[in-house]
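K.L.:
prediction below, plus the sequence it came from.
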Amino acid sequence: MLAEDEWQAFASPGHDPHSIVLWNSDDRTLISADALWQHGFGAIFPEVEGQSGFAEQRAILELIKGLQPRLVIPGHGAPFTDVDQALARAFARLDALEASPERNARHIIKTLIKFHLLIVRQLTPDDLIARSGGWRYARIINDQYFRLPFSEFIRRTVDELVGGGALERRDGIIVNRD
């Protein structure tokens with residue numbers, strides 16, 4: 001009974017300053033949004049804006065660890081029960097991102113491109129460059145971390161996504177891979 005149960009909201013500002021998670025202590029279920037997925041968590045956007053996000057992400061992971069949920073319903077992916085393993089992966093990922101803020105920035109731009117391709121399914125490289133030129137985070141990340149001509153920045157990011165299997169190229173068109 002989801003609607004009749006009592007849920008407690010906790011702020012979880014690591015991924016987004018306005019994010020929350022919902023906790024039901026009776027059945028130890030956590031609706032974790034982007035604070036914890038089975039294989040990670042949402043990108044830490046505040047960090048690329050010069051605000052704190054890594055410490056907040058660590059704090060919410062520690063809170064989740066202390067709650068000891070039986071079931072986690074994430075914002076992306078299927079519900080899961082292997083919470084200890086998910087937390088171990090999340091803490092390791094957070095350690096790596098803290099050690100290299102550029103890695104966090106690279107993850108954010110890849111995420112933005114991948115999510116855009118989930119929506120539009122395919123487009124030309126020039127169309128992607130034109131569209132992403134209007135994305136606030138794309139400009140911030142390139143200006144702050146990479147300092148490349150914008151078209152080269154997007155092309156290199158697409159190359160990495162293609163190399164990792166997240167996207168593919170077909171006859172000069174960038175295509176989402178499911």
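P.N.:
Perfect, I can see it now. Residues are numbered from 1 along each chain as shown.

K.L.:
low-confidence regions, the chain specifically.
P.N.:
Scanning the chain for pLDDT under 70 picks out the ranges 1-3.

K.L.:
which residues in it form strands?
P.N.:
Along the chain, the segments classed as strands by DSSP state E run 8-11, 20-24, 29-33, 71-74, 122-123, 167-170, 173-176.

K.L.:
distance from the chain centre to the last one, please.
P.N.:
It refers to strand 173-176. The chain centroid and the centroid of strand 173-176 are separated by 21 Å under C-alpha atoms, centre = their mean, to the nearest Å.

K.L.:
list the contacts of that strand.
P.N.:
Here strand 173-176 makes contact (C-beta atoms under 8 Å, 6 or more residues apart in numbering) with 114, 117-118, 120-125, 128, 158, 162, 167-169. All C-beta atoms are positioned from the backbone trio N, CA, C, and that covers glycine.

K.L.:
just the buried subset of these, please.
P.N.:
114, 117, 123, 128, 158, 167 (16 or more other C-beta atoms under 10 Å).

K.L.:
pick out the most distant pair among those residues.
P.N.:
Greatest spacing in those, by C-beta to C-beta: 114 and 123 (12.8 Å).

K.L.:
tell me if I'm right that residue 142 and residue 150 touch.
P.N.:
Yes: proximity of residue 142 to residue 150 meets the contact threshold set by C-beta atoms under 8 Å, at 6.0 Å.

K.L.:
so the two - more neighbours on which side?
P.N.:
residue 142 (21 against 15; other C-beta atoms under 10 Å).

K.L.:
residues in contact with the closest residue to the more buried one other than its chain neighbours?
P.N.:
For residue 142, ignoring the flanking residues on the chain, the nearest one in space by C-beta to C-beta, 6 or more residues apart in numbering is residue 153 at 4.5 Å. Going by C-beta under 8 Å, 6+ apart, residue 153 touches 109, 138, 142, 146.

K.L.:
send me the biggest helix by length in the chain as CSV with only the CA atoms.
P.N.:
The single longest helix within the chain, with elements called by DSSP state H, is helix 101-120. Taking C-alpha atoms only, helix 101-120 is exported to CSV below (Å, rounded to 0.1, in the frame of the first residue of the first chain):
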residue,chain,number,x,y,z
PRO,A,101,36.5,16.7,-10.9
GLU,A,102,37.2,16.6,-14.6
ARG,A,103,35.9,13.0,-14.6
ASN,A,104,32.6,14.3,-13.1
ALA,A,105,32.4,17.0,-15.7
ARG,A,106,33.0,14.5,-18.5
HIS,A,107,30.4,12.2,-17.1
ILE,A,108,27.8,15.0,-17.0
ILE,A,109,28.3,16.0,-20.7
LYS,A,110,28.2,12.3,-21.7
THR,A,111,24.9,11.9,-19.7
LEU,A,112,23.4,15.0,-21.4
ILE,A,113,24.2,13.8,-24.8
LYS,A,114,23.0,10.2,-24.1
PHE,A,115,19.7,11.5,-22.6
HIS,A,116,19.2,13.8,-25.6
LEU,A,117,19.8,10.8,-28.0
LEU,A,118,17.3,8.7,-25.9
ILE,A,119,14.7,11.4,-26.9
VAL,A,120,15.6,12.1,-30.5
